[in-house]
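Asker: could you work out the structure for the sequence below:
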Amino acid sequence: MLAYLWISLGAIVGASSRYILGRFVARAVTASFPYGTLLINITGSFILGLFLVWSTERALPDPRWRLLIAIGFCGSYTTFSSYAFESFSLFEQGHYLLFAYNVLANNILCLAGVLAGAMIARSL
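Answerer: Predicted structure coming up:
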């Protein structure tokens, strides 16, 4: 039962962080492209890669940290469903170049985020 509490606490922080960062980016840049979702997915991928490699290869933290960070925080912070819908909307509206850019940028940069996080964790 306590596992649900750790996941929920991480989810509250992750969802709140997603909302705050998404709003900030929406005010800071043009709304013609979902930059907020892209940034959230990249940073969430980075955090997940960093944490999972660090916690399995470099340190052995209490298992509750995995519930809190990997499942709770990253699970609610990252926005794959938003990314999918925004990509669909770009395609449906005929913005084929933006659609392709969004799909490629999210996939390549999020994979790069995981790689960067893993490399940093391994260097600690």
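Asker: residues in contact with the residue most central in space within the chain?
Answerer: Nearest to the mean C-alpha position of the chain, by CA atoms, centre = their mean, lies residue 44 at 2.6 Å. Contacts here follow CB atoms under 8 Å, 6 or more residues apart in numbering; on that basis residue 44 touches 74, 77-79, 110, 113. In this view, the C-beta of every residue, glycine as well, is placed from N, C-alpha and C.
Asker: check the residues you listed and tell me the two furthest apart.
Answerer: 79 and 113 (13.3 Å; CB to CB).
Asker: what stretches of the chain score poorly on pLDDT?
Answerer: Within the chain, the set of residues satisfying pLDDT under 70 is empty.
Asker: ok, the residue located most distally from the centre of it to residue 51 distance?
Answerer: For the chain, the residue at maximal distance from the C-alpha centroid (CA atoms, centre = their mean) is residue 94, at 26.6 Å. Here residue 94 is placed at a distance of 39 Å from residue 51 (CB to CB, to the nearest Å).
Asker: returning to what we had before: now do the SS call for the residue nearest to the centre of the chain.
Answerer: helix (DSSP: H, G, I helix; E, B strand; the rest coil).
Asker: the residue nearest to it when sequence neighbours are not counted: neighbour count?
Answerer: With CB to CB, 6 or more residues apart in numbering as the criterion, residue 44 has its nearest non-adjacent residue at 3.6 Å, and that residue is residue 78. Residue 78 has 22 neighbours, counted by other CB atoms under 10 Å.
Asker: hmm, residue 40 and residue 78 touching each other?
Answerer: Yes. Using CB atoms under 8 Å, residue 78 is in contact with residue 40, at 6.5 Å.
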